[in-house]
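Chemist: coords please:
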Amino acid sequence: MRSSDKIVSKQKAEEITRSWRSDGKKVVFTNGCFDIIHLGHVDYLERSSKLANRLVVGVNTDLSVKILKGETRPVQNELARSRIIAAFGFVDLVVLFGEETPQSLIEFLKPDVLVKGNDYAVADIAGSEFVIKNGGKVETIELVSAYSTSSIIEKIKN
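Modeler: Numbers count the residues shown, from 1 in each chain. Prediction:
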């Protein structure tokens, strides 16, 4: 499968994840801006993929990244960021979302496992209450220290 084929609409993602679950597969969901891919991203996504049978990654649209990170971001556009994430063999689907949080996407897809980095408390993770209420679980993954897009951008500037 070509990486671009893994990038699907919210509706197509729901159809595919429903099919996976009917086949007995568990779906894990995570999200992020993924502006400049670094070791921290790779480690986080790879470890997330091991928490269930299929990994769906929500990627913020350009507009939502600007809202979250400021006018100078994203460095790469949403198509580039999505294609890069989709190119990883351990990522099964990529879905763009334009809201500040993936709450509505999580409620639409109903993942079995929701994952974020351990820089978030479970109660502060968008969608956590919904996932738990619907019988799923929320996991946090320890992040690789010293890796962040912001720190890479600062290093490049200096």
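Chemist: does the spatially most central residue of the chain count as helix, strand or coil?
Modeler: Among the residues of the chain, the one closest to the centroid is residue 31, at 2.1 Å (Cα atoms, centre = their mean). Reduced to three states with DSSP: H, G, I helix; E, B strand; the rest coil, the structure at residue 31 is strand.
Chemist: quick check: closest non-adjacent residue to it.
Modeler: Closest residue to residue 31 apart from its sequence neighbours, by Cβ to Cβ, 6 or more residues apart in numbering: residue 58 at 3.4 Å. To be clear about C-beta, it is placed using only N, CA and C from the backbone, and glycine gets the same treatment.
Chemist: list the contacts for the residue nearest to residue 61 when sequence neighbours are not counted?
Modeler: Nearest in space to residue 61, with sequence neighbours left out and distances taken as Cβ to Cβ, 6+ apart, is residue 98 at 4.3 Å. By Cβ atoms under 8 Å, 6 or more residues apart in numbering, the residues touching residue 98 are 60-61, 63-64.
Chemist: now for the host helix or strand of residue 108, which elements pack on it?
Modeler: Using DSSP states H and E, residue 108 sits in helix 103-109. Where contact means 3 or more Cβ pairs under 8 Å, 6 or more residues apart in numbering; DSSP states H and E, helix 103-109 is packed against helix 10-22, strand 27-32, strand 54-60, strand 93-97, helix 128-133.
Chemist: same list, the ones you listed, but as JSON lines with distance to residue 106 please.
Modeler: Converted to JSON lines, the helices and strands packed on helix 103-109 look like this (distance: least, Cβ to Cβ, whole Å):
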{"stretch": "helix 10-22", "distance to residue 106": "11"}
{"stretch": "strand 27-32", "distance to residue 106": "6"}
{"stretch": "strand 54-60", "distance to residue 106": "8"}
{"stretch": "strand 93-97", "distance to residue 106": "9"}
{"stretch": "helix 128-133", "distance to residue 106": "6"}
